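*Asks:* Got a predicted structure plus its sequence, pasted below:
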Amino acid sequence: MFKFLKRSLKKIEEEIEEEIEKELEKEISEERAEEEKEIEEKIEEEIKRVVETRKEIVKSVKIEKPTKKITISDEKIDEILWDLEMSLLEADVALSVAESIKEHVKEELKSLPLDKSKLSENIRDALKSAISHILKSSSGDFSRVINTEKKPFVIMFVGVNGSGKTTAIAKLAHYLKKHGKSVVIAAADTFRAGAIEQLEEHAKRLDVKLIKHGFGADPAAVAYDAIEHAKAKHKDFVLIDTAGRMQTNVNLMDEMAKIKRVAKPDLVIFVGDALAGNDAVEQAKKFDEVVGVDGIILTKVDADAKGGSALSIAYTIGKPLLFIGVGQGYDDQIPFDPDWMIEKIFGED
């Protein structure tokens with residue numbers, strides 16, 4: 001998981017450390033030359049008077065010499081961080097996110113104490129701080145939804161075909177049931193018979209009510225019936241599946257906007273595929289423009305070697321990343337925890 005991003009950041013750590021060590025060595029060499037010159041001048045003055053005190057004078061000169069603080073120019077830091085930005089982009093990190101991380105690291109490096117014995121640790125902390133800033137600004141708290149008093153609480157799911165949307169809905173239904181909530185699922189993806197069948201299978205396994213119409217039926221009508229059923233039966237949540245609409249298909253996007261008008265969801269969740277990289281970010285932007293996304297579920301994170309989507313998607317559209325998929329089981333969709341991802345990126349293999 002995130003192997004590419006992990007390797008890239010490790011390489012950058014080493015490059016930054018190497019460059020800073022060069023600067024340190026240069027400063028130390030200059031410092032030594034100055035120190036030796038001052039010592040010699042002092043000694044020449046003092047030796048004329050008291051030869052016996054030469055060693056003590058040398059000591060006093062060394063003690064009195066203030067330690068110079070290493071400073072690195074903006075130009076040099078920019079040169080060092082160019083590789084960082086390129087590595088992030090190669091890992092499918094969105095440009096705006098890569099720029100933010102780079103600027104954060106730049107500021108961290110300018111203010112860090114460049115103690116050679118802790119140089120590697122300080123550089124890693126700077127990278128951690130930058131990425132943690134991105135992740136923590138992207139995280140969301142689903143507990144407020146769990147504890148809502150509104151019944152039924154309606155959640156509409158959007159996303160393109162193949163993103164794992166139907167499975168994500170089943171996993172969330174399982175999560176809600178584990179928290180003592182009752183669930184109704186609306187099979188409003190009427191453009192694919194397979195989607196209805198898939199939800200039927202999940203509903204049986206999870207023992208939740210599924211509302212469906214026939215293939216080609218009006219998706220908005222399915223959503224409406226599911227909500228009415230939930231009201232009549234005093235159910236807690238309605239989870240509405242929608243067709244895997246490609247964000248470039250205007251007719252289907254308009255149909256989704258219609259579903260939203262009819263269902264009036266309390267929460268719209270975009271389901272994105274981590275393996276889609278920057279495509280997932282662009283999809284999220286488009287869905288947000290058309291229907292207004294409130295939160296994100298990112299699937300297949302366990303299979304994502306790059307990690308760019310997880311870093312970028314929520315930060316880019318300014319909406320929280322609520323859950324991530326880390327496996328095939330119903331329990332393998334977990335609330336997003338920034339510290340968990342930091343550990344996966346910077347922890348030991």
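*Replies:* That came through fine.
*Asks:* so Glu99 sits in a strand?
*Replies:* No: counting by DSSP: H, G, I helix; E, B strand; the rest coil, Glu99 is not found in a strand; it is helix.
*Asks:* Now tell me which helix or strand of the protein has the poorest mean pLDDT.
*Replies:* Within the chain, no helix or strand scores below helix 54-64, which has a mean of 45 by mean pLDDT, DSSP states H and E.
*Asks:* That one: what's the following helix or strand?
*Replies:* Counting by DSSP states H and E, the next helix or strand C-terminal to helix 54-64 is helix 74-90.
*Asks:* Return the list of helices and strands in contact with that following helix.
*Replies:* If contacts are counted by 3 or more CB pairs under 8 Å, 6 or more residues apart in numbering; DSSP states H and E, helix 74-90 sits against helix 3-47, helix 95-111. Just so you know, the C-beta spots here come from the backbone N, C-alpha and C atoms, and that holds for glycine as well.
*Asks:* contacts for the host helix or strand of Ala284?
*Replies:* According to DSSP H and E, Ala284 maps onto helix 278-290. Helix 278-290 is contacted by residues 92, 94, 158-160, 163, 247-248, 253, 256-257, 270, 272-274, 276, 293, 296, 298, 308-309, 312-313, 316-317, 319 when judged by CB atoms under 8 Å, 6 or more residues apart in numbering.
*Asks:* Which of those residues fall within strands?
*Replies:* Mapping the contacts of helix 278-290 onto strands (DSSP state E) picks out Val158, Phe270, Gly272, Asp273, Ile296, Leu298.
*Asks:* one step back: mean confidence for the helix holding Ala284?
*Replies:* For helix 278-290, the mean per-residue pLDDT is 87.
*Asks:* What residues of it count as buried?
*Replies:* Applying a neighbour-count criterion of 16 or more other CB atoms under 10 Å, one finds Asn278, Ala280, Val281, Gln283, Ala284, Lys285, Lys286, Phe287, Asp288, Val290 buried in helix 278-290.
*Asks:* Also stretch 230-237?
*Replies:* For stretch 230-237, by 16+ other CB under 10 Å, it's Ala230, Lys235, Asp236, Phe237.
*Asks:* Quick one: end-to-end length of it, please.
*Replies:* Using CA to CA, to the nearest Å, one end of stretch 230-237 lies 8 Å from the other.
*Asks:* chain center to that stretch: distance?
*Replies:* The chain centroid and the centroid of stretch 230-237 are separated by 35 Å under CA atoms, centre = their mean, to the nearest Å.
*Asks:* And stretch 206-220, by the same measure?
*Replies:* In terms of CA atoms, centre = their mean, the centre of stretch 206-220 is found 34 Å from the chain centre.
*Asks:* and what of stretch 304-323?
*Replies:* Distance of stretch 304-323 from its chain centroid, counting by CA atoms, centre = their mean, is 4 Å.
*Asks:* Now it - C-alpha only, CSV.
*Replies:* Extracted in CSV, the C-alpha atoms of stretch 304-323 (Å, rounded to 0.1, in the frame of the first residue of the first chain):
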residue,chain,number,x,y,z
ASP,A,304,-3.0,1.5,-4.5
ALA,A,305,0.8,1.5,-4.7
LYS,A,306,1.0,5.3,-5.5
GLY,A,307,-1.2,6.9,-2.8
GLY,A,308,-1.8,10.1,-4.7
SER,A,309,-5.6,9.9,-4.8
ALA,A,310,-5.9,9.4,-1.0
LEU,A,311,-3.7,12.5,-0.5
SER,A,312,-5.5,14.7,-3.1
ILE,A,313,-9.1,13.9,-3.6
ALA,A,314,-10.7,15.5,-0.5
TYR,A,315,-8.3,18.4,-0.2
THR,A,316,-8.8,19.3,-3.9
ILE,A,317,-12.6,19.6,-3.7
GLY,A,318,-12.7,20.8,-0.1
LYS,A,319,-14.9,17.9,1.1
PRO,A,320,-14.1,15.3,3.8
LEU,A,321,-12.8,11.8,3.1
LEU,A,322,-15.1,9.7,5.3
PHE,A,323,-14.2,6.1,4.6
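*Asks:* what comes up buried for it?
*Replies:* Within stretch 304-323, the residues scored as buried using 16+ other CB under 10 Å are 304, 306-317, 319-323.
*Asks:* What about the residues you listed, which are in helices?
*Replies:* Among the buried residues of stretch 304-323, DSSP state H puts Gly308, Ser309, Ala310, Leu311, Ser312, Ile313, Ala314, Tyr315, Thr316, Ile317 in helices.
*Asks:* and the helix holding Ala284, how far from the chain's centre?
*Replies:* Using CA atoms, centre = their mean, the offset of helix 278-290 from its chain centre is 16 Å.
*Asks:* Repeat that for stretch 265-284.
*Replies:* Taking the mean of its C-alpha atoms, stretch 265-284 sits 13 Å from the chain's own mean (CA atoms, centre = their mean).
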